[in-house]
Every structure is written in structure tokens, then in C-alpha cells.
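Chemist: Predicted model follows, preceded by the sequence.
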Amino acid sequence: MSSGVSKLLIGLAGLVSSSAWSKEMPLNLTKGVTDISNQVYDLHMYIFWVCTVIGVIVFGAMFWSMFRHRKSRGVKPANFHESTKVEIIWTAIPVIILIAIAIPAASTLIDMEDASEADVTIQVTGSQWKWHYKYFDSDVEFYSLLATQQEQIYNKFDKGENYLLEVDRPLVIPTGKKVRFLVTSDDVIHSWWVPAFAVKKDANPGFINEAWTKVNEPGLYRGQCAELCGKDHGFMPVVVIAKEPAEYERWLAEQEEIIRVRKEEEQRLLAMNMSMDELMEVGEKVYNTHCAACHQPNGEGLPGVFPALKGSDVALNDMPRHIDIVVNGIAGTGMQAYGKQLGLKEMAAVITYERNAWGNNTGEMVQAKDVVAVSQGQ
Amino acid sequence: MAEQSKNHTRSAAKLFVVVLGMFGFGFALVPLYDVFCDITGINGKTSDTAAVYEAVEIDQDRWVTVEFVTRTNTGMPWEFTAQTNRIRVRPGEMNQVDFFARNPANRDIVGQAVPSVSPGTAALYLNKTECFCFEQQPLAAGEETLMPMRFYVDPQLPEKIKVFTVSYTLYDVSESAVAMN
Amino acid sequence: MSSVTEELNHDDHHHHAPTGIKRWLYTTNHKDIGTLYLWFAFIMFLVGGSMAMVIRAELFEPGMQIVNPDFFNQMTTVHGLIMVFGAVMPAFTGLANWMVPMMIGAPDMALPRMNNWSFWILPFAFSILLASLFLEGGGPNFGWTFYAPLSTTYSNDSTALFVFSVHIMGASSIMGAINVIVTIMNMRAPGMTYMKMPLFVWTWFITAFLLIAVMPVLAGAVTMVLTDKFFGTSFFSAAGGGDPVLFQHIFWFFGHPEVYIMILPAFGIISQIVPTFARKPLFGYASMVYATASIALLSFIVWAHHMFTTGMPVTAELFFMIATMLISVPTGVKVFNWVATMWRGAMTFEMPMLFAIAFIVLFTIGGFSGLMLAITPVDFQYHDTYFVVAHFHYVLVTGAIFSIYAGAYYWLPKWSGVMYDNTLAKLHFWCSLVSVNLLFFPMHFVGLAGMPRRIPDYALQFADFNKWISIGGFAFGLSQLFFLALLIKACRKQGEPAAAKPWEGAEGLEWEVPSPAPYHTFETPPQIK
């Protein structure tokens, strides 16, 4: 409680000396950038005004009565206590109002749920705590992770403008085309939400859900995971960039080229051995981006929730198992299959790092070909 | 007084029976939900038993596009892909799509594919006469296989559904499979 | 019916009446048990409230400062569980224990020994739940709604304790509900027909049926979570042929009636208080009863409005949207009836009335946001944002909790025999009223602007509002200490002695016995004209 009080005092002081976070917050629902999101906004305002009018009438009557019919004004109470006519009226009127709300709501809903005849299909897969996007008619697929640094979250660095709403690789979609999302999950339930599109769809493990959008204006749109999905639920934003169709096609071709080049590089990598220093350097970076959230930067994990790597049997003694876990993950735990997320070089590096950091000094190096030996069964 | 307390016990006993009944109802919701899904197509569950192909009239007037999505769950090392990821079919006509699976791991693994259809209503009209998802699929270390899926789309499929997606998620069920044997 | 002689007589009957702690441990007296429930609920309210303080302190500024995200999730989870099952529900059960027998002219509850058990298992349930927070790996962190598979495959082992404690809470509520039903059915005084029962009794009667209908379903849901997690079943896991969405269907089949379990008795309390201070009979008694019953019935067919984003066929979405909208009709009838009761009355504004009026206004605001949430297409935008948090705190805090306060102020003179300290009461009411709105009203805007619920850290645009919300939260938390002080004074009998009927316009059997109410009342049933 005392920390609450001191916080409160600090807060009051902070508010007086103008706020440190000057970003304006809109006070109303976004209109968004699609026809559907505009319809949703209009519905929202419509119901809001209906409620406001009813509220003014009901509360108005109540406050007027509280003012006029006070005992201190010397009034004598009346004795009426029922009136079938009045009661029928105030049952019937709300029913009519509800019908007037339900009709436009139903028509918008039917439009929203019609994902047929899409131009582009994208598979959206949630996992703890990142989104994966795969373009159905292309080889392009990637993970999209929070780009905000841990140091900003833990108040060591100043917070950037898009704090917690920025990702390393945004989803790119074309404008003016119907884009269909097939939403699913790898582990727990997530919910993919972009307010500007009025799209929010749960990602249920083992099942697919559909949603669609047709964005009118190019731009960058931000959203967040909306369903509690564990520890870092607050740290898995969604960023979507809508590009003109031509530009989108160019981007897609570029991505395909990048994937091709990367595959060639990995082939070359198989024949090479990286040095310990290089492995450790790359490994530390990868570890801090992908592993530290659960296993902690010091490798000690969170007791009872996420196991320690420091001094663990697998990290010290069982290299094939170690590679297997990193590549394929462990079903039913937060440990994901990083074979789908990381390149060979990164996996080799991070496994080497885990086997040599925090006093795990095994001195063993893991090379790309060792990883391939396990993941491809060669 | 004694009469009255007997009365109370009788009433309370009746209410306890209701409580037990509702506890049972909670569990009855599980099969009821499946029945409900079968009727309404909520959640895109498909039937888990083979359909029998009844000679139905093929609807030559329209095409339906069926898309296939394959996924492997965390901890499942298999490669798993559909040989065709999109086909156009006539409602009523038999079709076959093959799925490729390979177990690259150095241990034997039993896989179980779980289907899901979107939009959910389409699941009611997807009749699979043969599917690898009906049973568990064992693959020895390093082994690979082609798994067929034969199906036809019921001509009753509502006109407005022109495209639907069938997703298969592959799970490693080796542990529970061992437990069963 | 002189109390003094009656109390003496009673002592003659029971020579071995235990004293001290044993009196409370072994008591089968409805008034003692009511008192126990009410104190328990208030303590739990403070415990759950301090968890809310932790949540608000962490959300005071962007960035992680005080707790880690996992502990933050444990706080939101246990805050929710404690407030629902530990504060609101036991408080209503306590009020029912105290008032239902007195209002229908019965000497006690029908099953006094079961009454004792149903209270005394509660402290165990909550000790288990709270103790799990101190285990390695922490307590439940999957939200009070414990959606699978977050609560099954992906939870830690303390889930077993969570399941066990929910089972006990459920057993307690079910036994309490059975007791209320049997009491009302079998023990009404001669002449007390159903349609003469006070509305508080009516609403509790209906609530008790809801309880026995849905608490067992909750027990089923947690049992399935338990077996899925520890015994290899797959009710909710796709890999074994189950479905995670099924969990939500079962949970909300319990969860939505549960919402009405927490608000119907509130309607009852307000329907007692408004006529008293308007000095005019309740408008539309019969329609109040029918409205309560229809709300209860409708509550069974609206559960999936909590699940619009899970992916349902459009026909199901339309059905649940329309069914949900329909609930606003009987709820509206209630609000209109209260206003009509005030209309042309002769009102005074003592503390119970102030809380009742605050209830009517603020609950209605929560009702409006509920109507907005019912509209499926817009719900896609509101769902799982702070708009929802604002909505259910308006109906639960300024709704259920305010009604409990209204009831407590209304009946406290009857329980304690002294009038409450009016200065403390005024401080309590006005500080609570201002701070609760500072706490919850801005949440509507934060939600509309796009802040998801259950996040420990947020984007910078939400910072200013969250700071104000936190200040409101701390102020609301502190305001409750005025009530604690007031309660302690009342328990020490400090204050003006209360008359048998301290409120001029009050009607009902409970005002015919002296204040404080003697240990045994209505041993000879009163005659109702």
C-alpha cells in the first residue's frame, strides 16, 4: 500500500509538470481504412447516440424527480404502484429500438463474414509470442517479432515513438484487393487484430479461421494480439503495410529472390566451419532476440515455468538432443520449433552459445552441417 | 419440527439430484457440441469416418476451388506437404489429392493429422471417402510416404461458397500411441 | 415479541453454547453465518483490491517497473477469481443468510448445519488459491476465464490447486443456494405467498436456481481441465480430437448466468431501498418478478456473445446477438420501474439511497456499454479491449459492489443495533463515487483507442489516461478504508442506538424485530395479512 501511495504522489507531481509521453490518444473508435471498418464505425456511433438519448431521458426523469419530489420540499408521496399501459409501452419501445439497431448490424455482419473470392490469401499463425505470415501462392513466409528493445521495456533506454507497436518484419498486403487471412495457432489461443481494418479473429490451435479485408489507402497500420496468450501477451504486435498492387508485386518478387539467395548461402555454409568467436557473437544476438524472454539473459530460466539452460544436462552433455529441441521444439510447452524460424547459421550459433555461455564451458562448437544432420536425418 | 426437517431434507435431496444432473450435463456438452458441429458446421470440423460415395449427379454448371494447407505442430519434425495446394472441382465428382510426409528424425514417430475447414459450413459438404487423417500414421526413422485423400464435394454446397480451405495440422502422438498399444 | 425475554429463553435452552472462536466455528445460526460471510467477503474484497493496486501500479507508466509479466498475469487472474467467488458471491450469500429468513418470517435457514459447512469450506478454498501464488512457478496465470490450452497444456502444476479451490468454491455456492431455495419454499410464514415476498427474496430465489444450474457445469469444466492436464484426456486439445473452443462454450455456459448471479440480488436490494426512501410502494412489483425471471432464462441462451471472434457461422452470431439484445428489455423495465417508484415520492437521501441512486445511474451506463458490446460487428472492435474492462467493472463494481454497500448501510442498524457513523459514511460514498468514475470511465476511451486488456505494458499513446486510471484506482482502494473504520465502530456498538425501524418509509418483517436483531427471531411465525 505504501508503494501505492508514493507512486500516487510521484504521479501527481509528474502530471503537474506536464506529461512525459506527449503522444495524443484518439478518444473514439478508429474509422479505419476499409469500407467495412467505416460501416463498423458508423454502427458504433449510431448505437452510442441511441444509448445517449435513452440515458438523457431516463436520468433526466430521475434527477428531475429527485429534485422536485423531495421530502424536504414538503411533498406528500403519491401511492400509485402499477400501470399496465405504461409498462407495456416501455417494454414495446425498447423492442422497436432494438430492431432498428439489429437490421443494419446484421447486414454489416453478413458482409464481414463473406471471405469468398479473395485475390490474395495469407496464412497467419500465432505462436508464443510472435506472428508468422505465409503467402499462399508463393514461397514467401516469415516470422514477425516485436522490435522494441528490452532496454526500452525495462526503462534503461528512452522509449521510441512506436514503443511496443513495432515489429522487425511487417506483413505487406496490396491495396484495393480482397485479402483473405487464414488464421490459426501453434500453441495457445491468440487473436489477430488490426483496428484500422476492423479485423479481429482468434487463432485457435488446430483449427483455421477466416477473415478478410480490402484496404483503400496505402499506409502502415498497427495492431496487437487481443487474447491472453501467456507471459508476453502484451508484446506481440501486428504491423501491416498496405502497398499499391504494383509495388506489392515488386516487394513479393524481392522476397522470393532473398529466399533463393539465402538457400544458396546455406548450401555453401554446409561446407564451411565457422570460428568459435563468430559463433558466440552471432549466438548471443540470436539468444537475446529469441530465447532470453523465457530462458532469461543469464540462462537461468524461471523456476517452475521455464527451465534453466545454465548447467542443464542437455546443454552440457547431449548435443544431438539439444539440436533436436531447438530445431523441432517440444510439443505442449512454450519451446517452439526454431528450425522454422531461424537460418542454419543462426541455429548453429545459438546452440554453440548455449553450450558455452554462463559457465557451460563445454568448448564444443556446433556447425551448420551438424544441425542439418539432425533436422534432415542425414 | 421433525416433520418439517424431514421435509427440508427431501427438498434438498431433490435439488442435489439437479446438481448432479447439471454436473453430468457439463460433460454431456462435449458430445452434444460434436453433434451440434456436425449439424451446423461450427468450427469447421469434418467427419472422422469415411463417407461412402453415392452416385450423385455431377454439377457441371459450377466450379468449386478447394485449397489445402498443411502444418506441423511444435515438436513434430516431419516434412508434410500437399502435392497440390489448390484444385478446381465439380461438385459431385470424385477427386484425389496426395500428401507427402517424411520423417527426418532418427526415431520412429506416429503422426496424427487433424483437419479443419474454413468457412466452417463447407465442412458439412466435404465428403472424404479415404483420408490419412482417419487414423494414426506411423513412420519409421528416415521413412517417407505418399498419403492419399479422396473426396467429393456434395452438390448441395451452397452457391455462395466458391472457395474453401482444408487445413491439416500434423501432431506427434507417439507417446499416446505407445500408451494405447 | 420482546427480544430480551426471548434471548434469555434461548440461553436457557442451550446451556453449552460455546464462546469465543468455537462459537463461530460451530455456529448454525443464520445471523452468525451471515456475519461470517459478510466479513469474509469484505476481507476478500480488500485482498482482491490490493491485487488490483499491484495491477494499477504496474500500469501507472509505460514500461515494466514493479512486477514481471508472468506475475502480472497471476495478479489479473487471482484478482478476478477473488472478486467474483470471494467477494461478490459470498457477500450476497451473507446478505441472504441474514435477511431472507427475517424477511419471510422464518426462524432460521432450513438446513443450518449445511449452512455452517458451506461457509467454513470457503476459507480453505481461498487459502489454497492464495498459497499457490507462493509456489515455485507461481499461481494461476491464465486469466479468471482459464481458456484452454493456456490453462491445460501450457500451464504450470499449480493448476491442480486452482482446480481444487474452484471445486470447493463451487460446492460452497451450491450448498448455499440449496439452503436458500429450501428455506424459501418450505419456511415462509403463514400468509407469505410467493407474490407477497419482498423482491430481495424473489431475486435470491431465482439466483439460487441459476447457481444450482450452472455451478456444476463450472465444476465439470475445471474437472476437464484437470484431466486434460494431468490424466491425458483431450477434451480441449485438437491433437486428440478435442477442440479448444469447446472449452469456451462450456465455460461461458456457466459464465453468462454467473454474471446474472452477481447482479440479480443487487436488483433485489435496490428494489427494497428505493421504495423505502421514496416513501412510496415499488412500482410494478409483478413486472419486476417477471423481468427477473426472464433475465435468468435468457441468460442461458446468450453465452456465445463472449466468443464472437472465435469464428462462428454467421447465423450463430446473429442468433446470439439478437438474444443478447433482448436481455436489455427486461433490464430496462427494471430501471424504468425504479424511476417510476421515485416519481412523485417524497424522497430523502440517506446513505442507502445515495448508493442505490449511484447504482441505478452507473449500472445503467454499464448496461449501455453492454448493449454496444452485444452488436457483433462492433464487438469485433471492442472485444478484449479496455472497453470490455470498463463495461464489466461498471456492472460489477458500481453495480454489484455498490448494491452490497447500499444493502449494508440499509441493514447495518438492524445487525449492529447502532446507526453508522454518518461522517465516515459520507466520506466513503463521495470518495468512492468520484474515484470509481476516475478509475473506470477513462477505460472506455482507452479501449476504443485500441488498448487490449490483460497486458502489463502498453504503447505510449495510452500513458496519460492510464496514469489517471491508476490514480483513480488507488483513491478508490483507499476510500474503502473509511468503510472498514465505520464497520469497526458499528461492531463496537459506537453510535446512536437504532430503532427497530430506523427508516421512516421501510416496510417488511425485518423491521418488526428490535435492533439489533435478537439471536433468534420468529420462532413463532408471524401472521401476514
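Modeler: Received the coordinates, thanks.
Chemist: now the stretch 351-500 of chain C, which segments are flagged as low pLDDT?
Modeler: Across the stretch 351-500 of chain C, not a single residue meets the criterion (pLDDT under 70).
Chemist: now the closest residue to chain A within it, nearest residue through space, not along the chain?
Modeler: Proximity of the stretch 351-500 of chain C to chain A (CB to the nearest CB) peaks at residue C:455, 3.2 Å away. Glycine gets a C-beta too; all of them are placed from N, C-alpha and C. The shortest distance from residue C:455 to any non-neighbouring residue, by CB to CB, 6 or more residues apart in numbering or on different chains, is to residue A:234 (3.2 Å).
Chemist: Quickly note the distance from that neighbour to residue A:89.
Modeler: Taking CB to CB, to the nearest Å as the measure, residue A:234 falls 48 Å from residue A:89.
Chemist: again with residue A:102
Modeler: From residue A:102 to residue A:89 the distance is 20 Å (CB to CB).
Chemist: go on, residue A:137?
Modeler: 59 Å.
Chemist: now swap in residue A:353 and tell me
Modeler: 74 Å.
Chemist: Between these two, tell me which one has more neighbours.
Modeler: residue A:353 (25 against 12; other CB atoms under 10 Å in any protein chain shown).
Chemist: For that one, which non-adjacent residue is closest in space?
Modeler: Nearest non-adjacent residue to residue A:353 (CB to CB, 6+ apart): residue A:283, at 2.7 Å.
Chemist: Pull out the buried positions in whichever strand or helix holds the one you found.
Modeler: Per DSSP states H and E, residue A:283 falls inside helix A:276-286. The neighbour-count criterion (16 or more other CB atoms under 10 Å in any protein chain shown) identifies A:279-280, A:282-284, A:286 as the buried residues of helix A:276-286.
Chemist: okay if I get those as TSV plus pLDDT?
Modeler: Below are those laid out as TSV (pLDDT from 0 to 100):
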residue	pLDDT
A:279	89
A:280	91
A:282	89
A:283	90
A:284	90
A:286	90
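Chemist: Write out the residues of the stretch 151-300 of chain A neighbouring chain C.
Modeler: Contact residues (CB under 8 Å from any CB of the partner chain) of the stretch 151-300 of chain A with chain C: A:152-155, A:159, A:161-165, A:187-189, A:191, A:193, A:195, A:198-202, A:204-207, A:209-210, A:223-235.
Chemist: Please pick the buried ones from these.
Modeler: Listed as buried from these are A:152-153, A:159, A:162-165, A:187-189, A:191, A:193, A:195, A:198-202, A:204-207, A:209-210, A:223-235; burial here means 16+ other CB under 10 Å.
Chemist: what packs against the helix or strand harbouring residue A:151?
Modeler: Counting by DSSP H and E, the element that carries residue A:151 is helix A:150-153. Counting contacts by 3 or more CB pairs under 8 Å, 6 or more residues apart in numbering or on different chains; DSSP states H and E, there are no secondary-structure elements packed against helix A:150-153.
Chemist: Figure out how far that helix is from the centre of its chain.
Modeler: Distance of helix A:150-153 from its chain centroid, counting by CA atoms, centre = their mean, to the nearest Å, is 18 Å.
Chemist: again, but for stretch B:54-61
Modeler: Averaging C-alpha positions (CA atoms, centre = their mean) puts stretch B:54-61 25 Å from its chain's average.
Chemist: hang on, the earlier thing: confidence score at the residue nearest to residue C:455?
Modeler: pLDDT, residue A:234: 95.
Chemist: Could you confirm it falls within a strand?
Modeler: No - applying DSSP: H, G, I helix; E, B strand; the rest coil, one finds residue A:234 to be helix, outside a strand.
Chemist: how far away is it from residue C:62?
Modeler: On the measure of CB to CB, residue A:234 and residue C:62 end up 11 Å apart.
Chemist: okay, and the common contacts of these two?
Modeler: The contact sets of residue A:234 and residue C:62 overlap at A:164, C:457-458 (CB atoms under 8 Å, 6 or more residues apart in numbering or on different chains).
Chemist: Could you count how many residues lie near residue C:213?
Modeler: 22.
Chemist: likewise residue B:13?
Modeler: Neighbour count for residue B:13, taken as other CB under 10 Å: 11.
Chemist: Can you name the residue of chain B nearest chain C?
Modeler: residue B:26 (2.5 Å).
Chemist: Need the per-residue pLDDT for residue A:246.
Modeler: 96.
Chemist: Can you get me a residue count around it?
Modeler: 9.
Chemist: helix, strand or coil for it?
Modeler: helix.
Chemist: And for residue C:223, the neighbour number?
Modeler: 18.
Chemist: contacting residues for the residue of the stretch 151-300 of chain A found nearest chain C?
Modeler: Closest contact between the stretch 151-300 of chain A and chain C, by CB to the nearest CB, is at residue A:206 (2.4 Å). Residue A:206 sits next to A:184, B:73, B:114, B:116, B:169, C:237-239, C:243-244 when contact means CB under 8 Å, 6+ apart.
Chemist: Try it again at 10 Å.
Modeler: Residue A:206 makes contact with A:184-186, B:71, B:73, B:114-116, B:167-169, B:171, C:149, C:237-245, according to CB atoms under 10 Å, 6 or more residues apart in numbering or on different chains.
Chemist: Please pick the buried ones from these.
Modeler: Buried among these (16+ other CB under 10 Å): A:184-186, B:71, B:73, B:114-116, B:167-169, B:171, C:149, C:237-240, C:242-245.
Chemist: In strands, which of those fall?
Modeler: Using DSSP state E, the members of those that fall within strands are A:184-185, B:71, B:114-116, B:167-169, B:171.
Chemist: Share the number of residues neighbouring the spatially closest residue to residue C:348 that is not a sequence neighbour, please.
Modeler: Closest residue to residue C:348 apart from its sequence neighbours, by CB to CB, 6+ apart: residue A:71 at 5.0 Å. Number of residues near residue A:71 (other CB under 10 Å) recorded here: 18.
Chemist: Next, whichever residue of chain B sits closest to chain A: secondary structure please.
Modeler: The minimum distance from chain B to chain A, using CB to the nearest CB, falls at residue B:75 (3.1 Å). Secondary structure state of residue B:75, per three-state DSSP, is coil.
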